[in-house]
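J.: Whatever this is, show me its structure:
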Amino acid sequence: MLQCISCMRDNNMLMLGAKFSMLFLLLSGQRCQTLHLICLDDIIFEDNSVIITMPHLLKTSKPGRHQSPFTFHTFTPNATLCIVQTLKAVIIFRFKTMG
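T.: Purely as a prediction, here's the structure:
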């Protein structure tokens with residue numbers, strides 16, 4: 001699976017979105033509902049990491065206990081598998097295509 005992800009081209013939004021989705025689901029162990037609820041306001045970039053907060057209720061939420069933030073660090077051994085770089089590319093590509 002990782003070989004497939006690392007070979008994906010980042011030249012269109014469909015491939016970038018699929019790559020980010022697979023990396024997020026593999027690294028976080030979450031369900032698709034969590035991925036679906038991520039908003040741009042929930043994303044905080046730091047020097048070598050990204051923090052994704054989840055203020056929304058999930059199917060797995062319990063009363064008084066919500067999902068803790070996800071922190072992903074840069075993956076320097078292989079930049080093609082780095083979720084931080086992939087998320088930055090998704091956001092940049094999206095803003096470029098918006099005009």
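J.: Need the per-residue pLDDT for the residue at the greatest distance from the centre of the chain.
T.: Within the chain, the residue lying farthest from the chain centre (CA atoms, centre = their mean) is Pro63, at 26.0 Å. Pro63 is assigned 80 on the pLDDT scale.
J.: same thing with Lys19?
T.: 91.
J.: Disregarding flanking residues, what is the spatial nearest neighbour of it?
T.: If the residues on either side of it in the chain are set aside, Lys19 comes closest to Met8, at 4.9 Å by CB to CB, 6 or more residues apart in numbering. For glycine as for every other residue, the C-beta is placed from the backbone atoms N, C-alpha and C.
J.: distance of that neighbour from Arg65?
T.: Distance, Met8 to Arg65, using CB to CB, to the nearest Å: 35 Å.
J.: what about these two, which has more around it?
T.: Using other CB atoms under 10 Å, the more surrounded residue of Met8 and Arg65 is Met8, with 14 against 8.
J.: mind checking pLDDT for the more buried one?
T.: The model reports Met8 with a pLDDT of 70.
J.: what about it, which SS state?
T.: At Met8 the chain is in coil, as set by DSSP: H, G, I helix; E, B strand; the rest coil.
J.: Quick one: end-to-end distance for stretch 66-80.
T.: From its first residue to its last, stretch 66-80 covers 31 Å (CA to CA, to the nearest Å).
J.: in the protein, which ranges drop under the pLDDT threshold?
T.: 1-2, 99 (pLDDT under 70).
J.: residue boundaries of the strands in it?
T.: With DSSP state E as the criterion, the chain has strands at 43-45, 49-52, 70-73.
J.: Minimum distance to Ile92: which of those strands has it?
T.: strand 43-45 (11.7 Å; CB to CB).
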